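# From the sequence below, what's the structure:
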Amino acid sequence: MLIDDAAHRAEQLLRGEDDTAPDALSDAVRWLAAPAGLRHLPTVAASTGKSPVELRRLIVAYRHGGCAAVHAAEHPTDPDPEVLAAAAAAVRRARGGAGGTVVVEGNRLTDPGGRIQIRVGPDDRWHPFTASGPHRDWQSAAGCSPDPAAAYGAALAALRARPQYA
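Numbering: from 1, shown residues only. Next comes the predicted model:
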């Protein structure tokens with residue numbers, strides 16, 4: 001497995017994708033997302049205290065935005081208030097005339113009525129998430145971007161593409 005991981009990392013570096021993990025959990029998820037990594041899910045679950053379901057959600061986040069997306073999914077941070085204010089204004093503009101508010105909390109901007117959340121990661125990109133289920137489980141969506149309005153649009157597109165059940 002270590003040889004496979006080293007080869008996977010070398011391939012990423014050759015493509016110019018330096019995805020250095022900011023924390024141990026992100027690194028473990030990066031490892032699980034490698035071609036042969038998933039077979040180690042039970043071991044990683046036991047060592048991290050995360051359930052296999054939680055780890056699978058983080059693997060999806062990794063595939064959408066790398067270690068930074070995993071970090072954004074798991075670790076609320078306190079970014080610059082001016083960055084958050086500008087991002088909230090950009091999201092409000094992107095929503096057009098839609099009613100409701102945009103809730104700002106930590107590194108997260110949430111449109112509660114729209115079931116959309118974007119989170120700024122340690123890479124200064126905005127990572128889109130959508131809520132599902134009665135407990136509002138947040139799931140990563142593809143389309144992270146340095147532009148918060150683009151990340152919001154990606155989350156909206158992901159939400160619209162999800163099957164709706166009566």
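# Out of the helices and strands in the chain, which is least certain?
The helix or strand of the chain with the poorest confidence is helix 2-14; it has a mean of 54 (mean pLDDT, DSSP states H and E).
# For the helix or strand that comes right after that helix, which helices and strands make contact with it?
Under the assignment DSSP states H and E, the closest C-terminal helix or strand after helix 2-14 is helix 24-33. Under the contact definition 3 or more Cβ pairs under 8 Å, 6 or more residues apart in numbering; DSSP states H and E, helix 24-33 sits against helix 41-48, helix 52-74. (Each C-beta comes from the backbone N, C-alpha and C, glycine too.)
# Tabulate these in CSV, adding columns for mean neighbour count.
Converted to CSV, the helices and strands packed on helix 24-33 look like this (neighbours: other Cβ atoms under 10 Å):
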stretch, mean neighbour count
helix 41-48, 14
helix 52-74, 22
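# Turn those into a markdown table, columns for distance to residue 83 and mean pLDDT.
Compiled in a markdown table, the helices and strands packed on helix 24-33 are given as follows (distance: least, Cβ to Cβ, whole Å; pLDDT from 0 to 100):
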| stretch | distance to residue 83 | mean pLDDT |
| --- | --- | --- |
| helix 41-48 | 30 | 93 |
| helix 52-74 | 14 | 94 |
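# which residues are contacting the longest strand along the chain?
With secondary structure taken from DSSP state E, the chain has its longest strand at strand 126-132. Contacts with strand 126-132, where a contact means Cβ atoms under 8 Å, 6 or more residues apart in numbering, come from 61, 64-65, 68-69, 72-73, 87, 115-121, 137-148, 150-152, 154-155, 158-159, 162.
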